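Peer 1: sequence-free structure coming up:
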């Protein structure tokens, strides 16, 4: 079942630090926009915006006791191999980057990957499944080291 979207109106008072607050939650974007246009069309001292969220987000991952992992492959100066690390993260979930490779650099880029997995070994397996076709497509022949696993839950 597809998670239900919610539309939250967030308010901040201009020129007041730390004044951000959740003001209202709506079942559709249209209802949230009607609310803003009806009551706050000419507001001068406050700003409001709509944040799209999900009701009961990532419930499947929680029920499966998955965690969120960050995997990286990078080449340090004068090395002829990719170092690999896998870290369990604790502060951020980047849903739009989950299960996608992210690159930094040109010729031999640093490569990042985020995923949900039940173990760091499973996270590495998912990373490797995306990484090896990329290496083949770009003629990268450097070997991968055995991954270094960091289980500390507050890495970030």
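Peer 2: The structure has been received and is ready for your questions. Everything quoted here is computed from the prediction, not taken from an experiment.

Peer 1: Tell me the predicted confidence for the most centrally placed residue in the chain.
Peer 2: Nearest residue to the geometric centre of the chain (Cα atoms, centre = their mean): residue 94, 0.6 Å. Looking at residue 94, its pLDDT stands at 86.

Peer 1: Could you find the closest non-adjacent residue to it?
Peer 2: residue 114 (5.4 Å; Cβ to Cβ, 6 or more residues apart in numbering). All C-beta atoms are positioned from the backbone trio N, CA, C, and that covers glycine.

Peer 1: what about the one you found, neighbour count?
Peer 2: The number of residues packed near residue 114 is 23, by other Cβ atoms under 10 Å.

Peer 1: And for the one 5 residues further on?
Peer 2: By other Cβ under 10 Å, 15 other residues sit near residue 119.

Peer 1: which ones are touching it?
Peer 2: By Cβ atoms under 8 Å, 6 or more residues apart in numbering, no residues touch residue 119.

Peer 1: ok, it to residue 64 distance?
Peer 2: Separation of residue 119 from residue 64 (Cβ to Cβ, to the nearest Å) stands at 12 Å.
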